[in-house]
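Colleague: no sequence on hand, only this structure:
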Ligand code: DC
């Protein structure tokens with residue numbers, strides 16, 4: 001059976017948590033596509049000693065390995081910003097396209113979370129959900145996640161980081177972050193994790209029939 005769930009939306013809206021939970025619930029494969037861009041971004045920064053060269057980034061994307069994706073620093077704020085920058089390079093996106101498209105149509109079902117899953121990677125996805133939450137709630141959640149590793153991080157810094165990334169991700173020419181016309185909106189601002197997952201499960205279940 002081929003069945004794709006496309007989860008798109010801004011950073012820290014809850015896509016990852018929801019994605020992992022619904023994939024487990026339905027026995028589908030799960031792909032966090034942001035990790036691909038984070039791996040490219042952090043490696044491009046390293047090679048360029050702090051400066052991202054588009055050609056270098058495109059080459060990294062074309063030769064991305066399991067080791068690159070297994071790094072333990074991919075969740076950092078720096079990796080997020082670098083990811084957002086390389087994600088605006090068309091050659092980088094092109095190099096990552098086939099892998100994501102193939103994953104989306106794998107046998108047994110797939111959940112992908114990202115920014116362009118319902119619009120570019122899998123426009124024929126059986127379920128498209130655009131996950132949002134208020135800026136404040138997203139910043140609070142991200143701060144909680146990152147504070148353990150980085151105790152000096154502040155709410156204001158995280159809020160500014162998210163705003164900069166959202167603006168770049170939504171404003172780029174190639175595959176900008178946006179809800180597909182047929183996407184269902186899931187606002188998690190006032191929802192607990194369990195309630196958000198339950199809503200997503202219900203939406204998917206309805207489509208499965
Ligand atoms: O989901 P995330 O925060 O880990 O993603 C990191 C960055 O990668 C995000 O700011 C934009 C980019 N990205 C993208 O452009 N397209 C995707 N499908 C996933 C992520």
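Modeller: Good, I have the coordinates. For clarity, every value in this text was computed on a predicted model and none was experimentally measured.

Colleague: would you list the phi and psi of the residue nearest to the spatial centre of the chain?
Modeller: A centroid search over the chain (C-alpha atoms, centre = their mean) returns residue 114, at 3.1 Å, as the residue closest to the centre. Residue 114 adopts backbone torsions of phi -180, psi -140, taken as degrees, to the nearest 10.

Colleague: so it is in contact with residue 5, correct?
Modeller: No - if you go by C-beta atoms under 8 Å, residue 114 and residue 5 don't touch, sitting 11.7 Å apart. Bear in mind the C-beta positions are built from the backbone N, C-alpha and C, glycine included.

Colleague: for the ligand, see how far away the residue nearest to the centre of the chain is.
Modeller: 2 Å (C-beta to the nearest ligand atom, to the nearest Å).

Colleague: chain neighbours aside, what residue packs nearest to that residue?
Modeller: residue 33 (3.7 Å; C-beta to C-beta, 6 or more residues apart in numbering).

Colleague: and that neighbour, how many residues sit next to it?
Modeller: As a burial measure, residue 33 scores 24 neighbours (other C-beta atoms under 10 Å).

Colleague: and the pLDDT at it?
Modeller: According to the prediction, residue 33 has pLDDT 98.

Colleague: quick one: contacts for it?
Modeller: Listed by C-beta atoms under 8 Å, 6 or more residues apart in numbering, the contact set of residue 33 reads 96, 100, 112, 113, 114, 115, 117, 121.

Colleague: mind checking the backbone torsions on it?
Modeller: Dihedral angles (degrees, to the nearest 10) for residue 33: phi -70, psi -20.

Colleague: now residue 195
Modeller: In terms of degrees, to the nearest 10, the main-chain angles of residue 195 are phi -70, psi -40.
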